[in-house]
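**Q** model the structure of this input:
(one chain, ligands or ions: 1)
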Amino acid sequence: MTAVDIVYRYAAHDISAKPMPFDSSAALLRLNNGNRGFSALLDHINDDTGVIQQIIPVDPRDLGLTSDGARSVKQRPFAAVLGCSDARVPIELIFNEGPNDLFVVRVAGNGLGIDVLGSVKYAIENLGGTLKLVVVLGHSGCGALTAAVDIFLNPSKYLALAAKHGLRSILDRALLVVHASANKLMAMFGPDAAQRPGYRQALIEASIATNAALAAYSMQQELVSGGLTELRVAYGVYIIETREVWAPRRTDFDGVGLAVVPRDPSGFGDLGDAIARSARIASFLSS
Ligand SMILES: [Zn+2]
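**A** Numbering: from 1, shown residues only. Predicted structure coming up:
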């Protein structure tokens, strides 16, 4: 058994360890490398190598630790991330990032509600000097999408939500995605797909990916209509079981790492097909 230490190192004289990404591609690469490093590090936990240490350098000034009493440092995240509130998905940790690196919005089911959109747009409009990428990150086994799938499969359960307005608004948005995902699975695996034992699980996981992709696509459209054509939006699903990010894309249905969403509707349609064609979704239906 190996102990894995992940250390935040506050070193006053080592503040240039991580250069700021200069565009969307560089920001995407940094996040994907960070997640790859995090997942690979924890893969060693069952080895017998003693102790493995991963150091995340932190600029002490980012936490107000200034030797000269100067004013606190400015906010300078290089990416905005919309993630789920799920306690198993700590955003900075899974990307090997520290304070002042990411502008994070977390809400159950990582849906693009009006407050969420307002927060992300605030970041884009006010932190444009450093902010190079927007990310929507779902995760495996998401409770919000699971609840939506269960209502889709058994609509009478919706009655239990009659007096729960806040929860209803999250699930109503998710139900649209579940419906579209069910159609995709039906088209891909035939009309009997719903009878297979793993269908509910396949629908949950396909809906999670589609939900993140749709929020990312919608965000990208908002940016384009606002004239912000340089800023890209990426999506992905954090797989809790492997700690890797999975993002089906047109060229790789089981792609590892965040993927930039297409800007056009037909490209988004291809993304929906890629999700349904992935080995991950097929694995649930064959079980
Ligand atoms: Zn969730």
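**Q** going forward, measure contacts and count neighbours with C-alpha atoms only.
**A** Noted.
**Q** confirm Thr229 sits in a helix?
**A** No: going by DSSP: H, G, I helix; E, B strand; the rest coil, the assignment for Thr229 is coil, not a helix.
**Q** the nearest residue to it once chain neighbours are set aside is in what secondary structure piece?
**A** Sequence neighbours aside, Leu223 is the residue nearest to Thr229 in space, at 6.6 Å (criterion: CA to CA, 6 or more residues apart in numbering). Under DSSP states H and E, the secondary-structure element containing Leu223 is helix 199-225.
**Q** could you do Tyr238 as well?
**A** Counting by DSSP H and E, the element that carries Tyr238 is strand 232-239.
**Q** quick one: that strand to helix 199-225, angle?
**A** Regarding strand 232-239 and helix 199-225, their directions subtend 160 degrees when assessed with axes from the mean of the first three to the mean of the last three CA atoms, to 10 degrees.
**Q** which residues touch the following helix or strand past strand 232-239?
**A** In the C-terminal direction, the helix or strand that comes right after strand 232-239 (DSSP H and E) is strand 244-246. For strand 244-246, the surrounding residues in contact (CA atoms under 8 Å, 6 or more residues apart in numbering) are 35-36, 39, 236-239, 254-258.
**Q** so what are the sheet partners of the following helix or strand past strand 244-246 and their directions?
**A** The helix or strand immediately downstream of strand 244-246 is strand 259-260, counting by DSSP H and E. According to DSSP bridges, strand 259-260 has the following sheet partners: strand 232-239 (antiparallel).
**Q** ok, and for the strand it pairs with, which residues are buried?
**A** Neighbour-count burial for strand 232-239, with 16 or more other CA atoms under 10 Å as criterion, is recorded at 232-238.
**Q** buried sites along the helix holding Leu223?
**A** Judged by neighbour count using 16+ other CA under 10 Å, the buried positions of helix 199-225 are 199-221, 223.
**Q** filter these to keep only those in contact with the ion.
**A** When contact is defined as CA under 5 Å from the ion, the buried residues of helix 199-225 do not meet the ion at all.
**Q** thinking again about what came up before, and the strand holding Tyr238, does that touch the ion?
**A** No: against the ion, strand 232-239 shows no contacts by CA under 5 Å from the ion, the least distance being 10.1 Å.
**Q** residues contacting the closest residue to the ion within the chain?
**A** The minimum distance from the chain to the ion, using CA to the ion, falls at Cys142 (3.6 Å). Contacts were defined as CA under 8 Å, 6+ apart; by that measure Cys142 touches 86, 109, 208.
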